[in-house]
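Novice: this one's sequence-less:
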C-alpha cells in the first residue's frame, strides 16, 4: 500500500472518530479511550531543539531567534550559556532580564517558543516500523490515531498488532498493547486510546 493511501486511510478513520464523538451523548465515553490527562501538564517546559524568539523591548539589536542547543543552553547578545531546558518561557525571560540588567536599565524580555519539541517528559516518541519514526510534542487529548497520522502510518514490514506503548508512572514502566493494524487497516475505533506525555510507542517488525 502506498504512503498516500495509508495517510488517506488514516485521515478517513480520523473523520470517523470525530463524527462518532459528535453523535454520542455528553456523558458517553469510548471503551478504547483512557481517562483524560490532568491539566497540570499544560505549562510548557522548554526542551533541547526548541526554537526561541527572544524579544527585548526597545532593543531590537539584541532581540534574536535562536535554537536551544543539545546541551540545553542558549547564547544571546549579552548573555552566554544560559540554561533554558526545563524552564517555562516566562521563567527564562525573567532570568535573561536579570543577566542583561547590568547593561540595560529595567529590561523587559519576552520569550516565545516558535518551534516546539519539549522535554522528554512532554514528547511522544515513536520508534520501529513507522513510516517516519520521530518524537512528537505532546498536546492535550492526543490520541494513538493522531500519532499514527503524524508519522505517516506503518511500513509494509510492521507487526502492527504487536505494537506496545511504554508508559512511566511514578518511576514504574507499564506496557500497554496497541492494536495498530486493527485501528488503521480495519478501522476499529475501539483500538484508539489517549496518549500520555512521555509515552514511547514501539512498533516491531513482522518476521513473516
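Specialist: Received, thanks. Keep in mind the model is a prediction, meaning the values are calculated, not measured.

Novice: Can you give the domain ranges for the protein?
Specialist: 3-39+120-203, 45-115 (automatic domain parsing).

Novice: mind putting the ones you listed in JSON lines, mean pLDDT and mean neighbour count included?
Specialist: (Glycine included, C-beta is placed from N, CA and C.) Shown next, in JSON lines, are these (pLDDT from 0 to 100; neighbours: other C-beta atoms under 10 Å):
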{"stretch": "domain 3-39+120-203", "mean pLDDT": "79", "mean neighbour count": "16"}
{"stretch": "domain 45-115", "mean pLDDT": "93", "mean neighbour count": "16"}
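
Novice: contacting residues around residue 49?
Specialist: Neighbour list for residue 49: 67-68, 70, 115, 117 [criterion: C-beta atoms under 8 Å, 6 or more residues apart in numbering].

Novice: I'd assumed residue 81 was in contact with residue 99.
Specialist: No: using C-beta atoms under 8 Å, residue 99 is not in contact with residue 81; the gap is 10.6 Å.

Novice: can I get the contacts of residue 49 in TSV with distance to residue 92?
Specialist: As requested, those are exported to TSV (distance: C-beta to C-beta, whole Å):
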residue	distance to residue 92
67	14
68	10
70	17
115	15
117	15
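
Novice: tell me which of the residues you listed is nearest to residue 136?
Specialist: residue 117 (9.1 Å; C-beta to C-beta).

Novice: check which helix or strand covers residue 69.
Specialist: For residue 69, there is no host helix or strand (DSSP states H and E).

Novice: So which residues of this structure form strands?
Specialist: 51-56, 64-67, 73-76, 79-83, 109-115, 123-128, 134-137, 163-169, 172-178, 200-203 (DSSP state E).
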